[in-house]
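In: Sequence unavailable; structure follows:
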DNA sequence: GTGGTCTAGACCACG
DNA sequence: GTGGTCTAGACCACT
């Protein structure tokens, strides 16, 4: 089940993208699985169909899902789409953004790392 | 020295905010230190003065810096301007964004955590 | 100057994407060059601004251009974004599609190759 | 043997059209040869019969195949059903699509041409 | 003025 | 019924 929050700083379509990415990474959505249709997800989230379609389009461009016209949207078999440099660049950027966001919140580094580690392990390790 | 890059997905004013936050958290900017004026920083970064002013405004609202009329802008003494709920909310949001961004990059959880841990420790622990 | 044709089987936004890709590959658009604004290109092509924005968004996702909010859209410095496998896969797919489209048109293979070669050389070699 | 793949950007009916075109151009399907019935091909590919029927309809319109009532579908004797203008238009469009798709993949023009040349020669020259 | 997001609604292509 | 494209128009964020 995907949820969107208006309080989140990310736009709706990006919240959808991130949520589905996490489900795929965690194995909750496996290759071949069918995603909810654009219209049904839009209704469930009470957003416009175009907003869901935009999220699905980006996930398709990333090679994570594929849509079969008239049939629906499905999780793709995994493939390495990005170069190592690009993957590295994106990780570095994500780290930079994260550090910039939490640097002055007053949490201990160990607490932050523990928090993140728990979430990541739960998602990715659980999958293996 | 702060730098802004066009390749970054964050808007310029946010890059400035994050960079100053990190400098403060890491001790590179200590309480009482003087920051460059809005105008001079804008000139140095070759961005609009409004952009720098916007960044300084948010940092002021967070209680990280304060401007003394006619004198300049200075790093504030450490204090908690944000409520615990707000701090928690921001951390949770940052974790969500980060996980959504790196979930499908294909890195091992340990590698991601190690990477982040190194950056955080370098910044925050070094400071204490 | 970019043009779109209603007779083309590609949707408008894809025609725009392909045209800009070719201009970038051919060096007609160099890194740092400014592209026409979303609104002005939309007006010139007499299409909706969303259509142009969609094309620009995909080119941004491909790393070919970057947009600076409030300033405009610019050609990015080149970087290798895709893995070798993905580049190879895309070339193979393009070749398959092309061959499927021209196989029974009755042209001689040499003529087809010569035609394509001329276009490619004009674009890519001219650039070096 | 024809195969369809979900990873391909073309709709299924177009994949079928292209595959049969290539087989005819390459001589693997010669004039007079019998094609599988709409139903049997649909069953073999596990696609809707409408999809195969649509592909056969377009191939018939192009004069490449013909159905003899109650007997089956057969490869037509070679003839030019398309006007020179239409053939030229299709070639030009195919070239445009191809160039747009590969322009920014980072391959050398010679490599692209060599690749395409090999496939075309293998198909068409071998046939003569 | 620039790009980004979202909505509403229409029409088409596909299966 | 499914996704894809396009339009029109609004509102927001950024500079």
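Out: Arrived safely. The structure displayed is predicted, hence computed values, not measured ones. Numbering: from 1, shown residues only, chains lettered A, B, ... in the order given.

In: who touches the strand or helix carrying residue A:87?
Out: Taking DSSP states H and E as the definition, residue A:87 sits inside helix A:84-102. By Cβ atoms under 8 Å, 6 or more residues apart in numbering or on different chains, the surrounding residues in contact with helix A:84-102 are A:82, A:112, B:8-10, B:14, B:17-19, B:21-22, B:90-91, B:93-95, B:97-98, B:101-102, B:105-107, B:112, B:115-116, B:119-120, B:123, C:63, C:79-83. Where you see a C-beta, it was placed from the backbone N, CA and C, and this is true even at glycine.

In: Which is the succeeding secondary structure element to it?
Out: That would be, after helix A:84-102 and using DSSP H and E, helix A:109-120.

In: per-residue confidence at the most centrally placed residue in chain A?
Out: Centroid check for chain A by Cα atoms, centre = their mean gives residue A:18 as the closest residue, at 2.2 Å. The model reports residue A:18 with a pLDDT of 97.

In: could you check whether the helix or strand containing it is close to chain C?
Out: Using DSSP H and E, residue A:18 sits in helix A:12-25. No. Taking Cβ under 8 Å from any Cβ of the partner chain as the criterion, helix A:12-25 and chain C are apart, separated by no less than 10.9 Å.

In: who does that helix touch, helix- and strand-wise?
Out: helix A:38-45, helix A:49-61, helix B:84-102 (3 or more Cβ pairs under 8 Å, 6 or more residues apart in numbering or on different chains; DSSP states H and E).

In: tilt between it and helix B:84-102?
Out: 70 degrees (axes from the mean of the first three to the mean of the last three Cα atoms, to 10 degrees).

In: For PyMOL, write the selection for the buried entries among the contacts of helix A:84-102.
Out: For the buried members of those, the matching PyMOL selection, counting by 16 or more other Cβ atoms under 10 Å in any protein chain shown, is:
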select buried, (chain A and resi 82+112) or (chain B and resi 10+14+17+18+19+21+22+90+91+93+94+95+97+98+101+102+105+107+112+115+116+119+120+123) or (chain C and resi 63+81+82+83)
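
In: can you list contacts of stretch A:5-14?
Out: A:4, A:15, A:18, A:45, A:47, A:51-52, A:54-55, A:58, B:89, B:93, B:96-97, B:100.

In: run the last query once more with 6 Å
Out: Here stretch A:5-14 makes contact (Cβ atoms under 6 Å, 6 or more residues apart in numbering or on different chains) with A:4, A:15, A:47, A:51, A:54-55.

In: now residue A:2, nearest residue through space, not along the chain?
Out: Leaving out its chain neighbours, the residue that sits closest to residue A:2 by Cβ to Cβ, 6 or more residues apart in numbering or on different chains is residue A:19, at 4.7 Å.

In: What's the separation between the one you found and residue B:9?
Out: For residue A:19, the distance to residue B:9 equals 19 Å [Cβ to Cβ, to the nearest Å].

In: Repeat that for residue A:11.
Out: In terms of Cβ to Cβ, residue A:11 sits 12 Å off from residue B:9.
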